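> No sequence on hand, only this structure:
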């Protein structure tokens, strides 16, 4: 009995026994609430993880959507730039054609004016030649020159006609 007595009188054994009874009671009566609380925390953490996964998937989808929008916007911008270049080339060609047509109109008008001025100058020269011929004829008739003198004066008038025409053309 001494061994038994020594175990019974040893406070460590009593402490160990009390601890065993305490843990047995805790396991029996407190395990359900403790495990329930742990299950609630596990469920809460699981829900948070699922929410995080869902948010991550949404963020990835949004990122992909924005990337596709960016690609579409860049493509649209390229199309707009290409169309603007085509429009600019078309407008440039139209402006050049319009300017060319305008220059041709101005050249035609200038040529017409020059032609009219030449015709007026020729008409003036003809009128001057006719006036000179009439004047010579009048002088001839007035002086009653002989035929040789009339032919000489007519030859002089005819010789002077181109000089008068060129002088009038230069003046115009």
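It's in. Everything numeric in this text was worked out from a predicted model, so none of it was measured.
> most residues in a single helix of this structure, which one?
Secondary structure of the chain per DSSP state H: the longest helix is helix 31-143.
> After that helix, which helix or strand is next?
Elements were assigned by DSSP states H and E; along the chain past helix 31-143, the next helix or strand is helix 147-171.
> Quick one: list the elements packing against the longest helix of the chain.
helix 147-171 (3 or more Cβ pairs under 8 Å, 6 or more residues apart in numbering; DSSP states H and E). Where C-beta positions appear, they are placed from N, C-alpha and C, glycine not excepted.
> List the contacts of the helix it packs on.
118, 121-122, 124-125, 128-129, 132-133, 136, 139-140, 145 (Cβ atoms under 8 Å, 6 or more residues apart in numbering).
> Helix or strand with the lowest mean pLDDT in this structure?
Least confident element among the helices and strands of the chain, by mean pLDDT, DSSP states H and E: helix 2-8 (a mean of 70).
> shaky segments in the protein?
Applying pLDDT under 70 to the chain flags the ranges 1-5, 140-146, 150, 165, 167-172.
> Redo the contacts of helix 147-171 as CSV? Include distance to residue 151 and neighbour count.
As requested, the contacts of helix 147-171 are arranged in CSV below (distance: Cβ to Cβ, whole Å; neighbours: other Cβ atoms under 10 Å):
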residue, distance to residue 151, neighbour count
118, 32, 12
121, 29, 17
122, 27, 14
124, 27, 16
125, 23, 19
128, 21, 16
129, 17, 18
132, 16, 16
133, 13, 15
136, 11, 16
139, 14, 12
140, 10, 15
145, 10, 14
